[in-house]
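*Asks:* Have a look at this fold, sequence not included:
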């Protein structure tokens, strides 16, 4: 892992405008799927995006890969602004940023053989000219599939094997950054571990950077260096994995972590104290004013409805600044819960 | 980019694939969805019988001159039969034929004009089949093209195409077609005096063009809908993320997934166009004399249906059987692509 | 919801306008010469031809003809015929070149015959189609299911006009099993008896597709999770089938039904022609033979309006039946 | 929504529509749906995912059943909502005294909610016993492998311990024990029993109230400390 910044996202927005009828009037409304998020990914680093459905994590991954056009903010890749590049100008980016999709069934074209699916990226980018077949077989071996199966159709593979094909396709262009959108959530538990191991192995051997989008906190904890917790289109907490999991400062992160059922209960470990959120996530069409989490938050006070809390360090101005250069722990709450002993420990070690 | 040690990974792969028993693997050797459908179709008895019937009519149409030449020389006229020569000597002054079915005229001769009915029947298969297949082919291309463009591009283009589809679908098509065909024919003839053969040829092509102009909407709507949903599928997103150009996405990623619906739609269109042609000919806006056509023959023969059924029935049976076989084959093809549709 | 209706209405109106303009251009700017058609061959001379052309207004510029026609549609217009001025109220579809009567009179007096035929056929195809469709779905896979589906396929595949013609020729004309069409002026009983043959054949052939629609819709509905839920509540199988299954299975059928009735209203042309029913389709065909442009225009317009309006009604009704549509 | 619940009530109780509807509103209130009077007249699509699942629970409980079968009741829900629903099921179970069969793929959910557990593989049960004991001390290789492959279990490991291979097709089950192609302990069994003999239920050696279908003489729980296993 080097210190070179690969991807820098600043104040990224994606608003979907639509028209709605209220009474007799036509009202223009927007779904604020992603509403001003910033993060950086360094070479070889893995950032986890966690959150519940509708929090904008998938939209973020589509924006970063430029499958969707942001309505605000910038995306920079290796220092180059790619936010509004035209499709033909994106070629270089397409080679360096690849995506792994969630659904192993819909992410492979059922009408193409595995060979054709994996040859496409090579052909598009003119890689391994004349030796495409050898490269495709190499890729199949790389993801742990039998290279002889080059002429089979996706329907002849199991879900886990299909996901391996999807990974091979992303690797075909030798990218620097891979965005994995819920890569294992559609798989059987026993297969999930296989695919996670494969991803970890590839990451280490090929020195890949990852943005890993998932709702499964356990998987993210296992795989990521940094974690960003999203709620209703915003990042509410951001930091090193250890801090997010062991000393969450934002009430939502705390609730999310405590809501996940814990298998260790069966081993006689006392269940964590539960934080039970009331209700569902509000609609992103008309998000609550101020802090978006306040409608479900047990700490909410007047100020939460009036002011939107910024994403800052809960402990010092200093670390807010260091974060911008790749620092550690930020949260967006008016009343963060800081575990002082841990902060001291971290600051000591840093 | 550093390559990982493939050897260790292959080891893992062997573990993974060894769990599938060998006999299971042999069954699953690369078959595309199209091949699966084809295999299903080959086992469908209805489809095979229908194909045989269609083949029979194709052969009749292709070898019509040969079949007609098998008829004996007529003892009265001293000539071989052909579909267009008028023999008034074979009818009485009421217009009724004086000769019945014989070795020279297998189906007898036409009342009033005395033309050989078997020859007219055999040649009559030609316009039906040509119009059916040519119009189906052309309207499939138009429908697929417009559906693809509208569905993939979306936005204003899609709105315009959808509007045109809506517009065409709400027209009373039969009546409009009936009105337009003579108008188009006049415009093409542009006041020149044409022989009946020329007029008939113009009619023939005008008919095909009109059928296509009013027949592409169903498929376009279907393709548009399918493309809209396919466009959001992850494999199309993956192709975009790789940087595959739009044209390639349309033709290499999306279109192959529409082969099923397109083949089904085309196979259902053929009998529909044949029916349409026959209906228009019956109502007087289709093919005109002297072209031999089943639709026209049925229209002419209905007045004498009671006294001279041999005039009416061969065309009724030919037309019904051909269209029935084509339709049922179309249904079988649909079932082959989507086995859940019937059972 | 209101915007949805307004948007759909605006779309419908644009389609009708486009039909009007394109049909007008097609017919009136086309090369057909109705004056020639009306000029009796034996006694036709240039002076007489010109007089006819002038009397039906074909000598005026096209745009003026269109504006007159357009104005007639909305405010009505007057005609001078044989020295008398005849008023034709809105929506005035013009004045037949051939019969010299207003198109409204020509068509609207015949429209009820078409409506009666279409509705009688609809009763036949809905009862036959839905009954047999449910029967086939409930006895799915049995011999009677296969028989019904097979029969509907065969019936629906043979060209309709051939079937209709054979029914008209043999049972009606030759064997007199069913009475021939007679106008309502000859009595209500004979009128409806005469409609029986055309309505039956039209209804039976249309029912072929309904058997399959109903069967597939019913089978699909019965495999849904909520049917399983309903069964798990312990209510009777009959209630499950009819209250939960039938109701859900019928809403797509209801949609097609609306559109098919619209299609029948404009598509009874063949039936009317074959059975001699004096409806607008048959009148339109007659007008075609004599290049009676205003009548053709009128028929095309009525057809388009019926289809567009039915489409609109179905869409709006559907958004009430299925509350989810409203959201989109 | 209320109508659907009322219908289920009326199918087993001879009451008028109004009474049944009242009962439905009560049930909606009981499962924590705010404003149940109004919500009873809403359609399912107007409910959020969590609310819909609550309504389904109301429907399931309206006739005070002795047994409630919940088939993956929280799979489609978010974690925070899943926690609400699981709490609700637990509370209602106490209140109604119903037995619950919870079908799920999520072992952590089982750990927090179930008393007993039956682990299934390829159409057959492979291990049963008290949930706490089975999850703490798995004795069937499949249960063991499943637990090992969870990231939360081995959070600090570089590599997860995956079960190799893929679940078999139910059309073509392996001979003998269905799990043997993926089993890493089959070498511990003498002879070819794993390949040829379908194991029967038997008490787990050394553990009370536990049964497994496995040819191993010692449960995995005791074997897993053995160095030579992996």
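*Replies:* Yep, that arrived. Worth saying up front: this structure is predicted, and the values here are computed from it rather than measured.

*Asks:* make it CA atoms for all contacts and neighbour counts henceforth
*Replies:* Will do.

*Asks:* what about the chain, any weak spots by pLDDT?
*Replies:* I went with chain A, as the question did not name one. The model of chain A has pLDDT under 70 over residues A:1-2, A:19-26, A:266-268, A:270-272, A:316-328, A:339-350.

*Asks:* meant chain D actually
*Replies:* D:152-158, D:219-230.

*Asks:* and stretch C:211-220, how far out from the chain's middle?
*Replies:* 25 Å (Cα atoms, centre = their mean, to the nearest Å).

*Asks:* Need the contact partners of that stretch.
*Replies:* B:341-342, C:128-138, C:148-149, C:152, C:245-246, C:249-250, C:252-253 (Cα atoms under 8 Å, 6 or more residues apart in numbering or on different chains).

*Asks:* bridging residues for the residue lying closest to residue A:72 once chain neighbours are set aside?
*Replies:* Of all residues not flanking residue A:72 in the chain, residue A:13 sits nearest, at 4.7 Å (Cα to Cα, 6 or more residues apart in numbering or on different chains). Beta bridges link residue A:13 to residue A:35, residue A:72 when assigned by DSSP bridges.

*Asks:* Residue A:13: neighbouring residues, count only.
*Replies:* By other Cα atoms under 10 Å in any protein chain shown, the residues close to residue A:13 number 24.

*Asks:* distance of it from residue A:6?
*Replies:* Plainly put, residue A:13 is 20 Å away from residue A:6 if you go by Cα to Cα, to the nearest Å.

*Asks:* Could you give the separation between the terminal residues of stretch B:72-84?
*Replies:* Where stretch B:72-84 begins and where it ends lie 17 Å apart, using Cα to Cα.

*Asks:* quick one: buried residues of that stretch?
*Replies:* B:72, B:80-84 (16 or more other Cα atoms under 10 Å in any protein chain shown).

*Asks:* hey, where'd the strands end up in the chain?
*Replies:* No chain specified, so I'll use chain A. A:5-22, A:25-42, A:46-50, A:72-77, A:80-81, A:97-100, A:177-181, A:209-214, A:226-231, A:234-240, A:329-331 (DSSP state E).

*Asks:* if you could check chain D rather than the one you did, that'd help
*Replies:* All strands of chain D, identified by DSSP E, fall at D:67-71, D:99-103, D:116-121, D:124-130, D:202-203, D:211-212.

*Asks:* So what does residue A:274 have for phi and psi?
*Replies:* phi -90, psi 140 (degrees, to the nearest 10).

*Asks:* doesn't residue A:260 make contact with it?
*Replies:* No. Under the criterion of Cα atoms under 8 Å, residue A:274 is not in contact with residue A:260, lying 9.6 Å apart.

*Asks:* more neighbours, those two?
*Replies:* Set residue A:274 next to residue A:260 and count neighbours by other Cα under 10 Å: residue A:260 wins out with 19 against 14.

*Asks:* pretty sure residue B:332 contacts residue B:41?
*Replies:* Yes. If you go by Cα under 8 Å, residue B:332 and residue B:41 touch, sitting 6.9 Å apart.

*Asks:* Need the overlap of contacts for these two.
*Replies:* Going by Cα under 8 Å, 6+ apart, residues that sit against residue B:332 and also against residue B:41 are residue B:47.

*Asks:* So between these two, which is more surrounded?
*Replies:* residue B:332 (24 against 20).

*Asks:* what's the distance between that one and chain A?
*Replies:* 21 Å (Cα to the nearest Cα, to the nearest Å).

*Asks:* any idea how far residue A:315 is from chain C?
*Replies:* Distance from residue A:315 to chain C, by Cα to the nearest Cα: 46 Å.

*Asks:* How about residue B:68?
*Replies:* 26 Å.

*Asks:* try residue B:244
*Replies:* In terms of Cα to the nearest Cα, residue B:244 sits 32 Å off from chain C.

*Asks:* Run through the residues that contact the residue found closest to residue D:80 once you drop the neighbours it is linked to in the chain.
*Replies:* Nearest residue to residue D:80, sequence neighbours excluded (Cα to Cα, 6+ apart): residue A:259, at 5.4 Å. Residue A:259 makes contact with A:274-276, D:79-80, D:82-83 under the criterion Cα under 8 Å, 6+ apart.

*Asks:* Test my guess that residue A:160 contacts residue A:191.
*Replies:* Yes. Between residue A:160 and residue A:191 there is a contact under Cα under 8 Å: 6.1 Å.

*Asks:* thinking again about what came up before, among the contacts of residue A:259, which one lies nearest to residue B:251?
*Replies:* residue D:79 (41.4 Å; Cα to Cα).

*Asks:* Count residues in the vicinity of that closest one, would you?
*Replies:* Using other Cα under 10 Å: residue D:79 sits among 24 other residues.

*Asks:* likewise the one 4 residues further on?
*Replies:* Neighbouring residues of residue D:83 were enumerated by other Cα under 10 Å; the total is 23.

*Asks:* same question, residue A:92
*Replies:* Neighbour tally, residue A:92, other Cα under 10 Å: 11.

*Asks:* Counting neighbours, what do you get for residue 190?
*Replies:* This is for chain A. Neighbours of residue A:190 (other Cα under 10 Å): 23.

*Asks:* let's do chain D instead
*Replies:* With other Cα under 10 Å as criterion, residue D:190 counts 11.

*Asks:* Return the distance of the residue in the stretch 1-150 of chain A positioned nearest to chain D relative to residue A:256.
*Replies:* Relative to chain D, the nearest point of the stretch 1-150 of chain A is residue A:52 (5.7 Å; Cα to the nearest Cα). Noted for residue A:52: a distance of 9 Å to residue A:256, by Cα to Cα.
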